[in-house]
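# Here is my input, please return the structure:
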Amino acid sequence: MLQKFSFFNHSLSQDAIEPFKARAQKLYQEIISKNFAHLDILEYSYVNDEAMQELGLDEELVNELVEDYVTQIIKALLQFEEELKKVQEIKEKGFMPDFTTFTELVHKNLGVARNLRIKDAQLILSEMMHSQDLEYLYLCLCALEASAIRLKPVCAYKTYKLIEIKSSL
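Prediction:
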């Protein structure tokens, strides 16, 4: 049921950023329109004005924080996937799975998304907080991944490249 994210399976090169971004946009539109239409985020596009005003930060700092968030989410995807695999294994053995570690990880990332006023991520992560359906949670992870890439594609690209390099060592 659970599989590696499709973005991990592609070799990344510098001239691959645009196709990388386009794949994320297409995935986002497909997943959101089919599975998350009720969230009304299909046309959402992040604007940092609200975060700047409410947090009293300048544009450069908000942009840095958003890049940190994108890096954090992409790295957290691996942890999310690992936790869901553990839950799935426990469930397959006939035991009641414990979502505590998964929920704590969701909560941590939800707090960052709220602070930065990233509405689509907030809604997706909120869905994750309240679900124990593994198929649905996997779709949430895919949507969250695509959302992060759309937010800062170059940062996401660099993060995936770093993960790719580290995993080859």
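# what ranges of this protein fall below the confidence cut-off?
Scanning the chain for pLDDT under 70 picks out the ranges 1-14.
# Can you show me the helices along it?
Per DSSP state H, the chain carries helices over the ranges 17-35, 49-55, 59-92, 100-115, 119-129, 134-151, 153-168.
# would JSON lines of the ones you listed with mean neighbour count be doable?
C-beta coordinates here come from the backbone N, C-alpha and C atoms, glycine included. Shown next, in JSON lines, are the helices of the chain (neighbours: other C-beta atoms under 10 Å):
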{"stretch": "helix 17-35", "mean neighbour count": "16"}
{"stretch": "helix 49-55", "mean neighbour count": "14"}
{"stretch": "helix 59-92", "mean neighbour count": "16"}
{"stretch": "helix 100-115", "mean neighbour count": "16"}
{"stretch": "helix 119-129", "mean neighbour count": "22"}
{"stretch": "helix 134-151", "mean neighbour count": "22"}
{"stretch": "helix 153-168", "mean neighbour count": "15"}
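# so which of the ones you listed gets nearest residue 41?
Nearest of the helices of the chain to residue 41, taken as C-beta to C-beta: helix 119-129 at 4.2 Å.
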